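Visitor: predicted model, plus sequence, below.
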Amino acid sequence: MTFQIQYDILKTRNSVGCSAHMPELRKRKHPRLKGYDYSSNGVYFITICTDNKRCILGEIKGCDAPDESSFQPSQCGIIVRKEIEETSSHYEGVAMEKYVVMPNHIHMIISVNRASSAMDERQNGAPGVSHPMVSIPGIIGVLKRKTNKAAGFPIWQTSYYDHVIRGDAEYLRIWEYIDQNPERWLVDKYYT
């Protein structure tokens, strides 16, 4: 049977009702801000969820007494915390300003602040520059790969949430949200 005949048979089957039983695939939205340069200086709020939102990073103890609640990391949670804390040392001009590891997700505030002269040199391909141009997607990709490798299995969902922080009031609101996240676990939208 030739390819064309097989194709025609499949096409005929689908036209007589077979496709009615197949659910329409959801179109995946591109999560990044269109046209935005994620390697530019700025402050970014990042949330990454575990695969299928499994609570594999640890657990919150004392949820019924918010002032006494604390996060107890699992082995995966310890690996993730270590990699987050080392992130700033891997990139010139990148700082992990605030983060929290939760049972099934992490929140981070990452700032990128490279001197314009260093950025200009890198963009012009100056020889001897040891630190490559880095972007938020690149930082997150490395963090995910390193934690997956150290854990020995895939920890994370495919994508992540990002938000460009604009202004001091927004920065403080997000900082407080991250700081209070363990105490608010029972009402957290990621709580499972």
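Guide: Noted; the coordinates are in hand. Numbering: from 1, shown residues only.

Visitor: from now on I want contacts and neighbour counts done on CA atoms only, so please keep to that.
Guide: Will do.

Visitor: so which strand or helix has the closest residue to residue 99 other than its chain neighbours?
Guide: Counting by Cα to Cα, 6 or more residues apart in numbering, residue 99 lies nearest to residue 108, which is 4.2 Å off, once chain neighbours are set aside. Using DSSP states H and E, residue 108 maps to strand 105-112.

Visitor: each with direction, which strands does that strand pair with?
Guide: If you go by DSSP bridges, strand 105-112 pairs up with strand 42-49 (antiparallel), strand 94-101 (antiparallel).

Visitor: any idea of the mean pLDDT in the last one?
Guide: To tie it back to what came earlier, the one meant is strand 94-101. Strand 94-101 comes out with an average pLDDT of 96.

Visitor: name the residues that touch that strand?
Guide: With contact meaning Cα atoms under 8 Å, 6 or more residues apart in numbering, strand 94-101 is reached by 57, 71, 77, 80-81, 84-85, 87-88, 106-114, 175, 178-179, 181.

Visitor: could you do the first one as well?
Guide: Contacts with strand 42-49, where a contact means Cα under 8 Å, 6+ apart, come from 104-113, 156-157, 159-166, 174.

Visitor: can you pull the pLDDT of residue 6?
Guide: pLDDT for residue 6: 43.

Visitor: wait, I meant residue 61
Guide: For residue 61, the pLDDT comes out at 85.

Visitor: and if you look at the one 4 residues further on?
Guide: The predicted local distance difference test score for residue 65 is 62.

Visitor: include mean neighbour count and distance to residue 186 when you put the strands paired with strand 105-112 into CSV, please.
Guide: CSV is the format used below for the strands paired with strand 105-112 (neighbours: other Cα atoms under 10 Å; distance: least, Cα to Cα, whole Å):
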stretch, mean neighbour count, distance to residue 186
strand 42-49, 20, 17
strand 94-101, 19, 15
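
Visitor: quick one: closest of these to residue 135.
Guide: Closest to residue 135 of the strands paired with strand 105-112, according to Cα to Cα: strand 94-101, at 9.7 Å.

Visitor: what mean pLDDT does the strand holding residue 108 get?
Guide: 96.

Visitor: go on, stretch 147-161?
Guide: The average pLDDT within stretch 147-161 is 95.

Visitor: start to end distance for it?
Guide: Start-to-end span of stretch 147-161 (Cα to Cα, to the nearest Å) is 18 Å.

Visitor: what sits up against stretch 73-84?
Guide: By Cα under 8 Å, 6+ apart, the list of residues contacting stretch 73-84 reads 56, 57, 58, 59, 96, 101, 103, 143, 146, 147, 150, 151.

Visitor: what residues of that stretch count as buried?
Guide: Going by neighbour count (16 or more other Cα atoms under 10 Å), the buried part of stretch 73-84 is 73, 76, 77, 78, 79, 80, 81, 83, 84.

Visitor: mark which of those residues are part of strands, please.
Guide: The strands, defined by DSSP state E, take in residue 73 from the buried residues of stretch 73-84.
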